[in-house]
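Colleague: when you get a sec, could you give me coordinates for this:
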Amino acid sequence: MLRALRRCAVLIAVLASPLAGRAVPITDGTALFQYDSFTPLSFTTFTDTASNHVFEARWMFESGGTVFEPGTPDSESYVGNQMVLTWNGLNGGEVDATLTITLTDQAGPNTANLVQVLEVTNTSGGAINLDLVHYADFDVDGTSGNDVATLVGSTIQVDDLSTLRYAGYGADALQVTAFSTLRDAVLAGGYDLDNSGLPFGPGDFTGGFEWQNVALADGASQTFTAEFALNVPLLAVPEPGTALLLGLGLLGLALGHRRRR
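Modeller: Numbers count the residues shown, from 1 in each chain. As a prediction, this is how the structure comes out:
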């Protein structure tokens, strides 16, 4: 009920100001994606002729002990199945960011891929180190308590009646928890994802991928990619970072030991 009330409050605010507080929907075939709120970049709609499968999606940065998120973009572009959002001078002028989201409808009902590419540029005047988290709260098939999540390779697969696959390309760590423990921990600062939480459910799924201790020289840029795939394979199989491979290997050993016991 609380989550439903929160979503209603967001939608009421959006309806009162139809363009200022949210992204314009992008569509491809019968698929649709939209950010319902820019404050913060969160509360999403991802659907293909059926229920909304994503309650919340966001990018979170940490630098020098400070956690920050992109809010309302400085520029926006919406053309067909692609949106491009740009922010200048985040965290007091430390970084610029450009988020390019591409939606691809697939053959068959309720099937789509959503690729999200975030480019971050150091504009601080010196070298910096960033931690970056992509966080997602799925309500597969529009329900918040029935999701079952498993580890498939280095990706997360969330099942209800539909299957939603979640990848963080080249990430160093992942984690899954019930709403909203992981989000709150990251926003509090000083928290690293630890490859825990899988298998999960049935329950109210939230999860994320983290790129840890990313070193950027002054003026340097790096891209970070996350993908959702609804009832279809991912467009590409992500190559996990070394830390993620190690963490998942230890997780596999722990699960195998538990099963043997």
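
Colleague: and residue 46, what helix or strand is that in?
Modeller: Element membership for residue 46 (DSSP states H and E) is strand 41-48.

Colleague: that strand: what's the following helix or strand?
Modeller: strand 54-63.

Colleague: what packs against that following strand?
Modeller: If contacts are counted by 3 or more Cβ pairs under 8 Å, 6 or more residues apart in numbering; DSSP states H and E, strand 54-63 sits against strand 41-48, strand 66-68, helix 90-93, strand 95-105, strand 112-122, strand 128-138, helix 181-188. (Glycine included, C-beta is placed from N, CA and C.)

Colleague: report all helices and strands that the first one contacts.
Modeller: Spelled out, that is strand 41-48. strand 31-38, strand 54-63, strand 112-122, strand 221-230.

Colleague: the inter-axis angle of the last one versus strand 112-122?
Modeller: Just to be clear, that refers to strand 221-230. 160 degrees (axes from the mean of the first three to the mean of the last three Cα atoms, to 10 degrees).

Colleague: in its sheet, what does strand 221-230 sit against?
Modeller: In the sheet, strand 221-230 lines up against strand 112-122 (antiparallel), strand 163-169 (antiparallel) (DSSP bridges).

Colleague: who's in contact with the shortest one?
Modeller: Defining contact as Cβ atoms under 8 Å, 6 or more residues apart in numbering, one finds that strand 163-169 is touched by 53, 134, 136, 138, 140, 152, 154-158, 174, 207-211, 224-231, 233-234, 236-239.

Colleague: quick one: residue 183 and residue 41, what's the gap?
Modeller: With distances taken as Cβ to Cβ, to the nearest Å, residue 183 is found 13 Å from residue 41.

Colleague: quick one, strands of the stretch 151-261 of the chain?
Modeller: 155-159, 163-169, 173-178, 200-203, 205-216, 221-230 (DSSP state E, counting those that start in this stretch).

Colleague: and residue 35, which of these is closest to it?
Modeller: Evaluated with Cβ to Cβ, the strands of the stretch 151-261 of the chain place strand 221-230 nearest to residue 35, the distance being 13.5 Å.

Colleague: so residue 126 touches residue 220, yeah?
Modeller: No. Between residue 126 and residue 220 there is no contact under Cβ atoms under 8 Å: 11.3 Å.

Colleague: between those two, who's got more neighbours?
Modeller: The neighbour comparison of residue 126 against residue 220 (other Cβ atoms under 10 Å) goes to residue 220, with 13 against 9.

Colleague: and the pLDDT for the closest residue to the more buried one other than its chain neighbours?
Modeller: Nearest non-adjacent residue to residue 220, counting by Cβ to Cβ, 6 or more residues apart in numbering: residue 122, 5.4 Å away. Per-residue pLDDT puts residue 122 at 98.

Colleague: identify the bridge partners of residue 122.
Modeller: residue 95.

Colleague: go on, residue 75?
Modeller: residue 86.

Colleague: swap in the one 4 residues further on?
Modeller: In this structure, residue 79 bridges to residue 82 when assessed by DSSP bridges.

Colleague: now it: how far from residue 112?
Modeller: Applying Cβ to Cβ, the value for residue 79 to residue 112 is 18 Å.

Colleague: looking at these two, which has the bigger crowd around it?
Modeller: residue 112 (26 against 9).

Colleague: isn't the more buried one right up against residue 27?
Modeller: No. Contact criterion Cβ under 8 Å: residue 112 and residue 27 do not qualify, at 10.1 Å.

Colleague: okay, and the common contacts of the two?
Modeller: Joint contacts of residue 112 and residue 27 (Cβ under 8 Å, 6+ apart) are residue 103.

Colleague: tell me the contacts of residue 67?
Modeller: 60, 61, 186, 187, 188, 189.

Colleague: just put the strands of the stretch 151-261 of the chain in a markdown table and tack on mean pLDDT.
Modeller: Below are the strands of the stretch 151-261 of the chain laid out as a markdown table (pLDDT from 0 to 100):
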| stretch | mean pLDDT |
| --- | --- |
| strand 155-159 | 98 |
| strand 163-169 | 97 |
| strand 173-178 | 98 |
| strand 200-203 | 98 |
| strand 205-216 | 98 |
| strand 221-230 | 98 |
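
Colleague: nothing else from me, thank you.
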